[in-house]
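Undergrad: sequence and predicted structure, then a few things I'm wondering about:
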Amino acid sequence: MDWLDIIIVVGAGFAAGFINTLAGGGSLIALSVLIFMGLPPAVANATNRVAVFSQNVFGVLGFRSKGISSFRFGLWLGISALLGAIIGAKIAVDISGDLFNKLLAVIMLIVVALIIFNPNKKNTEAIERLDTKHKAISIGFFFLIGIWGGFIQAGVGFLIIAVLSTVNRFSLVKSNSVKVFVILFYTIAALVVFIWEGKINWAYGLVLAIGNSLGAWIASRWSVEKGDRWVKIFLLVIVVLIAIRLWFFS
């Protein structure tokens, strides 16, 4: 990697970490940049997890520094998601390259739809639902979210916020604090699978992690609302381009 590559990758990591911590979809930027840098999509997918792990370490620390945490509930969700992530990561490793490219293209477009139409609404006045029934429902959903996260990661933040805001009626800030903890937890399992299978490019992964960590730290401490209209437009353009490339030119 030359200095220009390093600057580009760190910049992409910063944007991804910032957007991921506030809402979700930032990994689309990281994946796009890694793929255009020449990494095979499956390797880019695995390499991104190094940065995602680092990003969420700093995200958790940032939220805790502001006194926002829900450790016990987050741990149950994290364990459920971790089990799902092992399955998802194995699918990502074993799937054929061409099929992975096409699935990635479809998933990217689905995530863009979530970003543009944003079904998650801020819910600051509702009473939280943490009774046994709603905890169990969330734990079940997080197993499925873990499969998605283990497989591709991109867009998982929107799914987590959707569950926490609708099932448990968490505020956006609290949802984000639980989100970064859960993703940190299950990413450990996904990383173990990808490391075991030799799918990670460590040079790109560690450089990307620098940007992701900085973006996550700043975003978690700001605790602002999710990406604005210009971020959505940027994501829409770049994801459509990479989806076309994956589908027709892989």
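TA: Nice, I can see it.

Undergrad: buried stuff in stretch 48-67?
TA: 48-60, 62-63 (16 or more other CB atoms under 10 Å). No exception for glycine: its C-beta is placed from N, CA and C like everyone else's.

Undergrad: where are the low-confidence patches of this protein?
TA: Where the chain drops to pLDDT under 70, the residues are 23-24, 69, 97, 101, 104, 108, 111-126, 222-243, 245-247, 249-250.

Undergrad: all helices for it, in order.
TA: Secondary structure of the chain, counting by DSSP state H: helices at 3-22, 27-36, 41-65, 71-94, 97-117, 132-151, 156-166, 172-196, 202-222, 229-249.

Undergrad: what does the fourth one rub up against?
TA: Helix 71-94 has contacts (CB atoms under 8 Å, 6 or more residues apart in numbering) with 42, 45-46, 100, 130, 135, 138-140, 142-152, 177-178, 181-190, 193-194, 197, 199.

Undergrad: isn't residue 217 up against residue 59?
TA: Yes - using CB atoms under 8 Å, residue 217 is in contact with residue 59, at 7.4 Å.

Undergrad: rewinding a little: go through the buried residues of stretch 48-67 and say which is closest to residue 244.
TA: Distance to residue 244 across these (CB to CB) is lowest for residue 48, with 20.2 Å.

Undergrad: who's in contact with that closest one?
TA: 27, 30-31, 34, 153, 205, 208.

Undergrad: would you mind giving the residues you listed as CSV with neighbour count added?
TA: Shown next, in CSV, are the contacts of residue 48 (neighbours: other CB atoms under 10 Å):
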residue, neighbour count
27, 29
30, 30
31, 27
34, 27
153, 30
205, 27
208, 30
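
Undergrad: adding distance to residue 165, write those out as TSV.
TA: Conversion of the contacts of residue 48 to TSV gives the following (distance: CB to CB, whole Å):
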residue	distance to residue 165
27	20
30	25
31	25
34	30
153	20
205	31
208	29
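
Undergrad: what is the nearest of the residues you listed to residue 106?
TA: Out of the contacts of residue 48, the member with the shortest distance to residue 106 (by CB to CB) is residue 31, at 13.8 Å.

Undergrad: the closest one against residue 107, yeah?
TA: No - in this structure, residue 31 is not within contact of residue 107 by CB under 8 Å, at 10.1 Å.

Undergrad: joint contacts of those two?
TA: residue 154.

Undergrad: quick one: residue 193 from residue 53, how far?
TA: Computed as CB to CB, to the nearest Å, the residue 193 to residue 53 distance reads 13 Å.
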